[in-house]
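Participant: Would you be able to build a 3D model of this:
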Amino acid sequence: MSDPVTLTFSDTIAGYVTAYHHEQRELLLATADGRELVLTVADGTPAELLRNLDEPYTDAGGHLAAMLEPGRFLFAHVLGYPEDGALRLEATKLVFLGRRPELFRFEEPDWWIRQLESIAAFYRRAQFGDGPVDYTRYRTQLRLGGEKTASHVQETDTISRLVYGMASAFLLTGEDAYLEVAERGTEYLRDHLRVVDQEEDVVYWYHGLSVDGDTERKLFTSEFSDDYDAIPMYEQIYALAGPVQTYRITADPRIRADADATLRLFEKFFHDPEHGGYFSHVDPILFRADHESLGPNRSRKNWNSVGDHAPAYLVNLYLATGEERYARMLEDTFDTIVAHFPADRHGPDRNSSPFVQERFHRDWTPDTTHGWQQDRAVVGHNLKIAWNLMRMHSVRPKPEYLETAAGIGELMPAVGSDRQRGGWYDVVERVLADGQRFHRFAWHDRKAWWQQEQAILAYLILHGTTGRAEFLREARQAESFYSAFFLDHDEGAVYFNVLAAGLPYLLGTERLKGSHSMSMYHSAELCYLAAVYTNLLINGAPMDFWFKPDPAGLAGGVLRVAPDLLPAGSVRIAEVEVDGVPHHDYDAEQLTVRLAQHGPRVKVRVRLAPTPRQEPRP
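Facilitator: The predicted structure follows:
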């Protein structure tokens, strides 16, 4: 058998320094899966310190001997030379994650806040330039630098995702310019893309709007290939994402009314009263999930139709209102996920996979032949389930929530992450074939920005809730890869995909910064919640949050300011200002602020601080 490597190559290694021998120019790195690799590091090898968006390059090449301390996690770009029966690895560049081994720059209290400000500025400039916020100029597709394409289709979901991002930016910064974009986008969705069905007493949302000059043509059914000529549940779900995040700030009663009417749509036409859960599609004429016109989407359920309610809008609707009926819907959703999604719920023949099931027939029989997915796993959906189960565990603590989430967290690194280079993969075969050690990639080994987000949030909240050190290690490794390779320091915002080694992949729709799949939502959600989990759950740093409510929308004048579904008692209000004046009418433990029920809108700044833990975490 010939040597496994016979050609030169370039690659990336993520690892922990175990030793550095300066005289021999040898660096020993231990990868995440425990292998120790020997790298040659020449004098003058380029090195840099991790930087955030809008930060300058910081050279670290002159400090290698001091910085290559044991225990430090770093990235090394290497050239590989198979010589004399051995593999020689020569470092061509090093990336340090912090100035000292125990420091990671993305754990600075304002790292994610500043990143979100930069992303918000990019999308505001790309969509509206320096002029007024005019959504007739909005375009779904944006090129790498933010330039608009010739496409004139405005998709409802991408507008909503932009609105979500801008609302999140306001929540963390209090900058009115971001709230203006969020509120005007919400108005645009209501005026141009909302359908009020008075006969059925529901609201539903058009797929999009085709704009040609002053002419608008509404697109009722989806134009996306997977959902063509149908009404997919996930599009209706994500139509609410931006408005509901805005509602947390403004308490606008019209947004609440739209959300409730859309929920009635879900219950009347998408919900399965016999077997539970929600169907993925309905036909556009009769609004039936079992109509033959749906073809392969007939009487189907999937992760998006069942699980995406929580992160897209339902958690935020509950945070804003505290209403029990939203908590019950969340609980029902997660009970359904725990009951049907783990592989071992479907008998021993399906138990050979570590990945959850994602597509189902009406009776929850796994659908393993559907479209592009077949019997494949989307790695990020597994992580998204773990993340959201831990959020729900704070509202309705259940052993099965914690066990399922922690089990996913334990299983996924070995099968879904890159243990040599760092980062998380996209789609893989759910089951190993005979003789295989690695789950085969469905099409490629690229890494998408949104799947890195799911990994980061899952492991941050797993560690922040359980205190388990291995979860923090996974969170930091995921944050390191994302922060080192996904931030576009030349054009702004973040890349859609990178190659396995971290180089940006800039072909086709994956070159775009705005598309059917990308419009600020995941990058903003990551910034918002990574800041919340890192500061409030892990590092004990206080945070400020901003609101600008309409008093008419606050039940009893109560503004709810919980930043996310966090363990009970983990956070308290430290101080409040209303229009810059100290305000003392609040319940520190319940995370509520009482405001006047009449008069103009006021701007509220709330400082939240972690509560010292009295007992060890479970």
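
Participant: From now on I want contacts and neighbour counts done on CA atoms only, so please keep to that.
Facilitator: Fine.

Participant: Can you get me a residue count around residue 131?
Facilitator: 9 (other CA atoms under 10 Å).

Participant: Residue 183 now?
Facilitator: Residue 183 - counted by other CA under 10 Å - has 20 other residues nearby.

Participant: Over to the one 10 residues further on?
Facilitator: Under the neighbour criterion other CA under 10 Å, residue 193 is assigned a count of 21.

Participant: Do I have it right that residue 138 meets residue 132?
Facilitator: No. The criterion here is CA atoms under 8 Å, and residue 138 misses it with residue 132 at 11.9 Å.

Participant: Looking at those two, which is more packed in?
Facilitator: Neighbour count, other CA under 10 Å: between residue 138 and residue 132, residue 138 has more, with 21 against 9.

Participant: Tell me if residue 235 really is in a helix.
Facilitator: Yes. Residue state for residue 235 (DSSP: H, G, I helix; E, B strand; the rest coil) corresponds to a helix.

Participant: What helix or strand is residue 261 located in?
Facilitator: Taking DSSP states H and E as the criterion, residue 261 maps to helix 253-265.

Participant: what's that helix packed up against?
Facilitator: Packing partners of helix 253-265 (3 or more CA pairs under 8 Å, 6 or more residues apart in numbering; DSSP states H and E): strand 202-205, helix 241-250.

Participant: for the last one, packing partners?
Facilitator: Contact analysis of helix 241-250 by 3+ CA pairs under 8 Å, 6+ apart lists helix 156-173, helix 176-192, helix 253-265, helix 315-321, strand 543-547 as its packing neighbours.

Participant: For it, which outside residues touch it?
Facilitator: For helix 241-250, the external contacting residues (CA atoms under 8 Å, 6 or more residues apart in numbering) are 159-165, 167-168, 171, 179, 182-183, 186, 255-256, 259, 312-313, 316-317, 319-320, 546-550, 553.

Participant: which other residues reach the helix or strand harbouring residue 529?
Facilitator: According to DSSP H and E, residue 529 maps onto helix 521-532. By CA under 8 Å, 6+ apart, the surrounding residues in contact with helix 521-532 are 109-113, 115-116, 119, 161-162, 164-165, 168-169, 172, 449-450, 453, 456-457, 460, 494, 543, 563-564.

Participant: show me where pLDDT drops low in the stretch 301-450 of the chain?
Facilitator: 346-351 (pLDDT under 70).

Participant: where along it do the helices fall?
Facilitator: Along the stretch 301-450 of the chain, counting by DSSP state H, counting those that start in this stretch, helices occupy 303-307, 309, 315-321, 324-340, 379-395, 399-416, 449-466.

Participant: Go through those and name the closest to residue 191.
Facilitator: helix 315-321 (21.4 Å; CA to CA).

Participant: Output the contacting helices and strands for that closest one.
Facilitator: helix 241-250, helix 324-340, strand 558-560.

Participant: With distance to residue 19 as extra columns, can I get the ones you listed in JSON lines?
Facilitator: Putting the helices and strands packed on helix 315-321 into JSON lines (distance: least, CA to CA, whole Å) gives the following:
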{"stretch": "helix 241-250", "distance to residue 19": "48"}
{"stretch": "helix 324-340", "distance to residue 19": "44"}
{"stretch": "strand 558-560", "distance to residue 19": "51"}
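
Participant: So which of these is the most surrounded?
Facilitator: When the helices and strands packed on helix 315-321 are scored by mean count of other CA atoms under 10 Å, the highest mean neighbour count falls to helix 241-250 (a mean of 29).

Participant: And the average pLDDT for it is what?
Facilitator: Helix 241-250 shows a mean pLDDT of 98.

Participant: Also stretch 213-228?
Facilitator: 84.

Participant: and the gap between residue 25 and residue 72?
Facilitator: As judged by CA to CA, to the nearest Å, residue 25 and residue 72 stand 17 Å apart.

Participant: burial measure for the closest residue to residue 425 other than its chain neighbours, as a count.
Facilitator: Nearest residue to residue 425 in three dimensions, chain neighbours excluded: residue 447, at 5.0 Å (CA to CA, 6 or more residues apart in numbering). Number of residues near residue 447 (other CA under 10 Å) recorded here: 26.

Participant: who's in contact with residue 447?
Facilitator: Neighbours of residue 447 in contact, by CA under 8 Å, 6+ apart: 423, 424, 425, 426, 497, 498, 499, 500.

Participant: Neighbour count for those residues - can I get that in a markdown table?
Facilitator: What follows is the contacts of residue 447, written out as a markdown table (neighbours: other CA atoms under 10 Å):
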| residue | neighbour count |
| --- | --- |
| 423 | 31 |
| 424 | 30 |
| 425 | 23 |
| 426 | 24 |
| 497 | 24 |
| 498 | 21 |
| 499 | 16 |
| 500 | 21 |
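
Participant: hmm, back to that, just say which of the helices and strands packed on helix 241-250 is most tucked in.
Facilitator: Mean neighbour count (mean count of other CA under 10 Å) peaks for helix 156-173 among the helices and strands packed on helix 241-250, with a mean of 29.

Participant: What mean pLDDT does that one get?
Facilitator: For helix 156-173, the per-residue pLDDT averages 98.

Participant: What is it packed up against?
Facilitator: helix 111-128, helix 176-192, helix 233-239, helix 241-250, helix 521-532, strand 543-547.

Participant: Give me the angle between it and helix 111-128.
Facilitator: 140 degrees (axes from the mean of the first three to the mean of the last three CA atoms, to 10 degrees).

Participant: Just the CA trace of helix 156-173, in PDB.
Facilitator: Extracted in PDB, the C-alpha atoms of helix 156-173 (Å, rounded to 0.1, in the frame of the first residue of the first chain):
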ATOM      1  CA  THR A 156     -41.200  38.700   2.800                       C
ATOM      2  CA  ASP A 157     -38.900  36.500   4.900                       C
ATOM      3  CA  THR A 158     -35.800  38.400   4.000                       C
ATOM      4  CA  ILE A 159     -37.400  41.800   4.900                       C
ATOM      5  CA  SER A 160     -38.500  40.200   8.200                       C
ATOM      6  CA  ARG A 161     -35.000  38.900   8.800                       C
ATOM      7  CA  LEU A 162     -33.500  42.400   8.200                       C
ATOM      8  CA  VAL A 163     -36.000  43.800  10.600                       C
ATOM      9  CA  TYR A 164     -35.100  41.200  13.200                       C
ATOM     10  CA  GLY A 165     -31.400  42.200  12.900                       C
ATOM     11  CA  MET A 166     -32.100  45.900  13.200                       C
ATOM     12  CA  ALA A 167     -34.300  45.500  16.200                       C
ATOM     13  CA  SER A 168     -31.700  43.300  17.900                       C
ATOM     14  CA  ALA A 169     -29.100  46.100  17.200                       C
ATOM     15  CA  PHE A 170     -31.300  48.600  18.900                       C
ATOM     16  CA  LEU A 171     -31.900  46.300  21.900                       C
ATOM     17  CA  LEU A 172     -28.100  46.200  22.500                       C
ATOM     18  CA  THR A 173     -27.100  49.800  21.500                       C
END
